[in-house]
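Novice: Test case, fold it:
(one chain, ligands or ions: 2)
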Amino acid sequence: MAGRLIYLIGPSGSGKDSLLDAARPRLAERGCRIVRRVITRSAESVGEAARGVSPEQFAAMQAEGAFALSWQANGLCYGIPRQIDDWLAAGDDVLVNGSRAHLAQTRERYPESLVLLLTVDQAVLRQRLIARGREALVDIEARLARNAQFTAELIAGNGAGLLVLDNSGPLEHTVERLLCCLDHGHSACA
Ligand SMILES: Nc1ncnc2c1ncn2[C@@H]1O[C@H](COP(=O)(O)OP(=O)(O)O)[C@@H](O)[C@H]1O
Ligand SMILES: O=P(O)(O)OC[C@H]1O[C@H](OP(=O)(O)OP(=O)(O)O)[C@H](O)[C@@H]1O
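Specialist: Ligands and ions are numbered 1, 2, ... in the order given. This next block holds a predicted model:
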């Protein structure tokens, strides 16, 4: 049986990378793989263990068909290696740190995907982005503005099939809720 594509989305700073890191061993126990993204961001920058490439390398990879999914946001290009299709075909679940703006295309290519929306209170979000210290303040404001555009729209318009995970509290709680959603579906995990 084919595996499930699990597409994790949420505002910048909502905790997607942190959640994936914290849940990694327990996802591995369940045979769920976490995709290593290709990003035109230097490998030294703080954050996830993505593969950093130059814009030219990214364009060449894209032209070769190296990506199952790809998008641009925040001045960067993101690619999800095509290898995920082999993993899915082999029956493994695959978790992708995704883009809200690319949700429709993802659903088109992977209609059976499970979409998880990570949310966090806006004031907490601003503090976390500042504390993370990865972006300049002006970039943080741009990310917050981008966020405002999305969350309400997503919940209102794409509610069907979208599971909301709140990460305003301790990360360990969110890990438990994520695993519960994967194992049992949303209604069992309030
Ligand atoms: N539940 C949480 N409680 C406190 N801090 C958190 C929590 N989740 C994430 N953080 C912190 O918030 C910041 C943003 O998290 P990050 O995982 O980088 O978000 P994203 O990948 O969605 O942009 C990081 O500094 C991280 O340590
Ligand atoms: O369409 P959006 O939902 O706004 O998403 C745009 C991109 O931003 C995030 O990546 P990135 O890891 O660079 O940013 P983050 O860590 O600040 O979330 C997310 O994973 C997407 O790749």
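
Novice: buried set for the least confident helix or strand in the chain by mean pLDDT?
Specialist: Lowest mean confidence among the helices and strands of the chain (mean pLDDT, DSSP states H and E): helix 137-157, at a mean of 81. Buried residues in helix 137-157, counted by 16 or more other CB atoms under 10 Å: 140, 143-144, 147, 150-151, 154. C-beta: built from backbone N, CA, C; applies to glycine.

Novice: just stretch 104-117 next, same as before
Specialist: Result for stretch 104-117 [16+ other CB under 10 Å]: buried residues 106-107, 110, 113-117.

Novice: is it up against ligand 1 anywhere?
Specialist: No - applying CB under 6 Å from any ligand atom, one finds stretch 104-117 out of contact with ligand 1, separated by at least 11.4 Å.

Novice: which residues make contact with that stretch from outside it?
Specialist: Stretch 104-117 is contacted from outside by 2, 4-10, 68-69, 71, 96, 98, 100, 103, 151, 154-155, 158, 161-165, 178, 181-182, using CB atoms under 8 Å, 6 or more residues apart in numbering.

Novice: List the ones among the residues you listed that fall in strands.
Specialist: Counted as lying in strands by DSSP state E, out of the contacts of stretch 104-117, are 5-9, 68-69, 71, 96, 162-165.

Novice: Of these - the most surrounded one?
Specialist: Leu5 (27 neighbours; other CB atoms under 10 Å).

Novice: how much space is there between that residue and Pro81?
Specialist: Using CB to CB, to the nearest Å, one gets 13 Å for the distance from Leu5 to Pro81.

Novice: Return the residues of this structure in contact with ligand 2.
Specialist: Going by CB under 6 Å from any ligand atom, the residues of the chain near ligand 2 are 9, 12-13, 16-17, 47, 73-74, 76, 78, 97, 99-101, 146.
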